[in-house]
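Asker: return atomic coordinates for the entry below.
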Amino acid sequence: MNLYNLLESKNLDISNIVKAFKGKKFDIIYNQYKDVVDELLFISSTDEFNDFINEQGELKEEPFLLEFAYRKGVCCNIGMYDENANKILSGYINKYSDIDVNLHYSYDDINHLKGDIISINELIKNTNKKYLALLDDTYCEGCYYIFIIDEEIDDKQWESQVITRII
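Answerer: Alright, predicted model coming up:
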């Protein structure tokens, strides 16, 4: 599985975004998705974006797509040091599952996040759904993106340039 398949399974049309990235049309991406780019890069103006492109040469596609997915409401995101991690994750899980979760994850211990999601996946294993957690640390120390997916689309292999699959 790759990020494109995952987003397509969530009914997100990313074809124009992919075309813009292939053509290195970063100005188009910024103009159409300013809120996504600003949040991803921790910037707030076109000048800051232009400075970023001049320094870095490009905007990475996969981190952008994850943040785009979050903005479209198809996943949750938890920053590496997010003090509301338990509330965010349990709210997301409760939105899609009829299970009562008791989370252990705190922002300083990724192993608990993994353990919580593995436990939740065990609880919902008969529903043909499971949670998938991805880590992106391209533009920050780390942000976790958690998706609920159909088990049949998950082939256990993750193909990505910069995104780490943690569950």
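Asker: so which helix or strand of the chain has the lowest pLDDT on average?
Answerer: Least confident helix or strand of the chain, by mean pLDDT, DSSP states H and E, is helix 110-123 with a mean of 78.
Asker: what is the mean pLDDT for the next helix or strand after that helix?
Answerer: Per DSSP states H and E, the first helix or strand lying C-terminal to helix 110-123 is strand 129-136. Average pLDDT, strand 129-136: 89.
Asker: partners of whichever helix or strand comes after strand 129-136, with directions?
Answerer: Scanning forward in sequence from strand 129-136 by DSSP H and E, the next helix or strand is strand 143-150. Using DSSP bridges, the strands paired with strand 143-150 are strand 76-79 (antiparallel), strand 129-136 (antiparallel).
Asker: in JSON lines: these, plus mean neighbour count.
Answerer: In short, each C-beta sits where N, CA and C put it, glycine included. Formatted as JSON lines, these follow (neighbours: other C-beta atoms under 10 Å):
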{"stretch": "strand 76-79", "mean neighbour count": "19"}
{"stretch": "strand 129-136", "mean neighbour count": "20"}
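Asker: could I get the ones you listed as JSON lines with distance to residue 96?
Answerer: Shown next, in JSON lines, are the strands paired with strand 143-150 (distance: least, C-beta to C-beta, whole Å):
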{"stretch": "strand 76-79", "distance to residue 96": "10"}
{"stretch": "strand 129-136", "distance to residue 96": "7"}
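Asker: which of those sits closest to residue 142?
Answerer: strand 129-136 (5.7 Å; C-beta to C-beta).
Asker: low-confidence ranges, this protein, go.
Answerer: Filtered on pLDDT under 70, the chain yields the residue ranges 99-111, 154-156.
Asker: ranges for the helices of it?
Answerer: Per DSSP state H, the chain carries helices over the ranges 3-9, 15-22, 26-32, 34-41, 46-56, 61-71, 85-96, 110-123.
Asker: ranking these by burial, who's on top?
Answerer: helix 61-71 (a mean of 21; mean count of other C-beta atoms under 10 Å).
Asker: quick one: residues in contact with that one.
Answerer: 3-4, 7, 10, 12, 14, 17-18, 21, 29, 33, 35-37, 39-40, 75-77, 134, 136, 138-139, 143, 145, 147, 160-163 (C-beta atoms under 8 Å, 6 or more residues apart in numbering).
Asker: got it, and stretch 34-49?
Answerer: Looking at what lies outside stretch 34-49 - C-beta under 8 Å, 6+ apart - the contacts are 26, 29-30, 52, 59, 63-64, 67-68, 71, 139-140.
Asker: where's residue 19 relative to residue 32, distance?
Answerer: Remark: distance between residue 19 and residue 32 (C-beta to C-beta, to the nearest Å) = 12 Å.
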